[in-house]
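S.K.: Show me how the following folds:
(one chain, ligands or ions: 1)
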Amino acid sequence: MLQNSRRFRYLCAALQSFHLNSSHITIRNGAKCTSAFQFQIRGKKDDSSISSLFIPVQVKSTPDDINVGEELTGTLNKSDLLKVLNKFYQNREIKHLLMENGLDNYLQHQAYVSFRRFCLEAQNLPVDIHVVFSDILQGAGNETDLFPYFLRHAKLMFPHLDCMDDLRKISDLRSPANWYPQARAMNRKVIFHAGPTNSGKTYHALERFLTAKSGVYCGPLKLLANEVFNKCNTRGTPCDLVTGEERSYADPAGNPSGHVSCTVEMTSLSNPYEVAIIDEIQMIKDPQRGWAWTRALLGIMAEEIHLCGEAGAVDLVRQLTLTTGEDLEVRHYKRLTSLKVEDSALGSLDNVLPGDCIVCFSKNDIYSVSRTIEASGREVAVIYGGLPPGTKLAQAAKFNDPDSSCKILVATDAIGMGLNLCVII
Ligand SMILES: Nc1ncnc2c1ncn2[C@@H]1O[C@H](COP(=O)(O)OP(=O)(O)OP(=O)(O)O)[C@@H](O)[C@H]1O
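M.R.: Residues are numbered from 1 along each chain as shown. Here you go, the predicted model:
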């Protein structure tokens, strides 16, 4: 409905040519105005009202050769016109009506000055205005009869008046949930799989994903997106891969599949899916990357959204689902294996056992630790953030393979998020 409305088309036309530089924003609307409609940011000293930011379009009269108004109702005396105009402008009800039509005191004054000049300086007034003035002067009308003509003039001067409601709506950033009207139009079901790492959260969400007609998996790492992509295709569900660097199609001809595994920043908000998984949802709190989880949670067009992550994020997600008006189902999980803390320190790298993982916090440490272990004749798998996803996956697969001679993993904390590794704990 909105798209068909004149106001919306008008707004689009205005916004189509929206130019921005550091000090000056201009909206040019060639469709209706004879000159540019400017929206200019001025210095701090100016009126704080937003209205003062609009520079009026100059409205010029386009007189006919023949003064039809004069032929119909006779000549108008300019000083009489001025009296009518002043009376009109001082009328309280008129002021109130103008306010209701979006003209605050500032705009009213601007419009009045322009309308007065227009009426007094025009050689031939437009016939409708001429007749109305004539009626008023002859006692057959009231100065309030000028209202529609004044408003028409004001709207020519300030084209934004016609699309103010739409401008207000699109510039209101207080409710992010409303930024995604297509998702809001759906009846989405949100399920939070909450639990510690290695508790089977992603496993259960993925089982649902694999059986759905279509789905999107949104992961925090290229590595995880790759893992799901491979898992899905191995299980016979064609799935594409989309990361910032890579795009792979299950179909060799390059036709998109119903399932997509992507990094969360690459999530498409325009494709409808039956199931979506947003993994590691607690990342929504991350100051740098959290926006991508928020965007995915609020904007994904999926009938069923599975969020996997730490229970600590439930409250925040619940608050967000309150803003979308959606119910949140929380499923709690417990660790599948227990953690055991050693009584004594490792002491030396000679004491590293098969199934151990040494976590380092710099690439230099990775190199020195892996070299030391390899020097003692033991094979090592290495994973750190800078490795290409394929290499990381190959290293993880080598370490996980029970038949491989590689039993020790040296990695940075890049392995901490979601990657399934057969580390003995
Ligand atoms: N019910 C199950 N049957 C078979 N395997 C399972 C089951 N639940 C979990 N697993 C396996 O256990 C491992 C850990 O599960 P999963 O990745 O789902 O844990 P998670 O809670 O999502 O961990 P993280 O928070 O680290 O992502 C995976 O290899 C998964 O395939």
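S.K.: drop to CA atoms for contacts and neighbour counts, all remaining ones
M.R.: Fine.
S.K.: how deep is the residue lying closest to Ser248 once chain neighbours are set aside tucked in, by neighbour count?
M.R.: Excluding the flanking residues, the one nearest Ser248 by CA to CA, 6 or more residues apart in numbering is Leu241, at 5.0 Å. Using other CA atoms under 10 Å, Leu241 has 25 other residues around it.
S.K.: Wait, Leu241 touches Asn226, no?
M.R.: Yes - counting by CA atoms under 8 Å, Asn226 is a contact partner of Leu241 at 6.9 Å.
S.K.: who touches both of those two?
M.R.: Listed contacts common to Leu241 and Asn226 are Ser261; contacts here mean CA atoms under 8 Å, 6 or more residues apart in numbering.
S.K.: returning to that earlier point: can you check the pLDDT for the residue nearest to Ser248?
M.R.: For Leu241, the pLDDT comes out at 97.
S.K.: Just checking: what are the partner strands of the helix or strand containing it?
M.R.: Applying DSSP states H and E as the criterion places Leu241 in strand 239-242. Strand 239-242 sits in its sheet next to strand 247-248 (antiparallel), strand 259-263 (parallel), going by DSSP bridges.
S.K.: Distance to the ligand and mean pLDDT added to those strands, as CSV?
M.R.: Output for the strands paired with strand 239-242, formatted as CSV (distance: least, CA to the nearest ligand atom, whole Å; pLDDT from 0 to 100):
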stretch, distance to the ligand, mean pLDDT
strand 247-248, 23, 94
strand 259-263, 14, 97
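S.K.: Rebuild the ones you listed as CSV, extending it with distance to Pro176 and mean neighbour count.
M.R.: Output for these, formatted as CSV (distance: least, CA to CA, whole Å; neighbours: other CA atoms under 10 Å):
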stretch, distance to Pro176, mean neighbour count
strand 247-248, 29, 14
strand 259-263, 21, 28
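S.K.: nearest to Lys95, of those?
M.R.: Nearest of these to Lys95, taken as CA to CA: strand 259-263 at 55.6 Å.
S.K.: Past the closest one, which element shows up next along the chain?
M.R.: Past strand 259-263, the next helix or strand by DSSP H and E is strand 272-278.
S.K.: Is any residue of that next one near the ligand?
M.R.: No - between strand 272-278 and the ligand, judged by CA under 6 Å from any ligand atom, nothing touches; the nearest distance is 11.0 Å.
S.K.: now for that strand, which elements pack on it?
M.R.: Where contact means 3 or more CA pairs under 8 Å, 6 or more residues apart in numbering; DSSP states H and E, strand 272-278 is packed against helix 201-211, strand 215-219, helix 290-299, strand 301-309.
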